[in-house]
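>>> pasting the structure only:
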């Protein structure tokens, strides 16, 4: 199952770097080792021309698919640029029979549902009744993009909770682990960014801008990303990406 078309591998290397190496192929995706500790994924719906599946087939197979198969499919089927009635049927199958891991993996796809009201109400319900112990960031990000004011009441309690948690930095200092340490930088900035997208409030904007000058580059990047601002850190990373891509192209010539 680990065979791969050379053209697809070449495409993956353009995205993830020359050291990109296939480690797993499933019915719906490719997984690559892109560095000592980094794994990258590529949807077969995006990588393979004319790769498709019918809603009828998924309706037939979905009940017997195990959780890993469901998660793999749900996170990959909606990657294509186009969206069809067939995709809507598939999304309805997933929304009708799933769990938070499966639903959150395709939260952004729900915004492509032709019935925006149904999608927004589904996402709000998942924020309110999530089964996960972690904040349901994927749902909140999707609701931020939807810009529907009905979502604020569900997201705001998370904002207040994580705003308070950010005070830990004053006590413990900046942790070595920005991802899993005691200061929840990413969740807070993500939540604040979603609320800012919906309301455009200066309260959320300033809360995010407070981290534009943070000593850690990763935190600065999260903050810029939360506001959709191409600030100094974002510009620096884009330039590094361009230089890295140019180097890879030059090595091929």
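Good, I have the coordinates. It should be emphasised that the depicted structure is a prediction, and the values quoted were computed from it without experimental measurement.
>>> Every contact and neighbour count from this point should use C-alpha atoms.
Fine.
>>> which residue sits closest to residue 199 in space, ignoring its chain neighbours?
Excluding its sequence neighbours, the residue lying closest to residue 199 (C-alpha to C-alpha, 6 or more residues apart in numbering) is residue 149, at 7.2 Å.
>>> Do you have the helices of the stretch 101-250 of the chain handy? List them.
Counting by DSSP state H, counting those that start in this stretch, the stretch 101-250 of the chain has helices at residues 116-129, 137-146, 152-165, 168-172, 185-199, 202-209, 217-227, 232-252.
>>> So what touches the second one?
Residues lying outside helix 137-146 but in contact with it, judged by C-alpha atoms under 8 Å, 6 or more residues apart in numbering, are 104-105, 107-108, 111, 120, 123-124, 126-127, 151, 155, 187, 190-191, 193-198.
>>> one step back: is it true that the residue nearest to residue 199 touches residue 197?
No. Applying C-alpha atoms under 8 Å, one finds residue 149 not in contact with residue 197, separated by 9.9 Å.
>>> quick one, which of these two is more surrounded?
In this view residue 149 and residue 197 are compared by other C-alpha atoms under 10 Å, and residue 197 has more residues nearby, 23 against 13.
>>> And for the nearest residue to the more buried one once chain neighbours are set aside, the neighbour number?
Among residues not flanking residue 197 along the chain, residue 144 sits closest, at 5.3 Å (C-alpha to C-alpha, 6+ apart). The tally of other residues near residue 144 (other C-alpha under 10 Å) stands at 24.
>>> While we're on residue 144, how confident is the model there?
For residue 144, the pLDDT comes out at 98.
>>> Quick check: it vs residue 212, distance?
21 Å (C-alpha to C-alpha, to the nearest Å).
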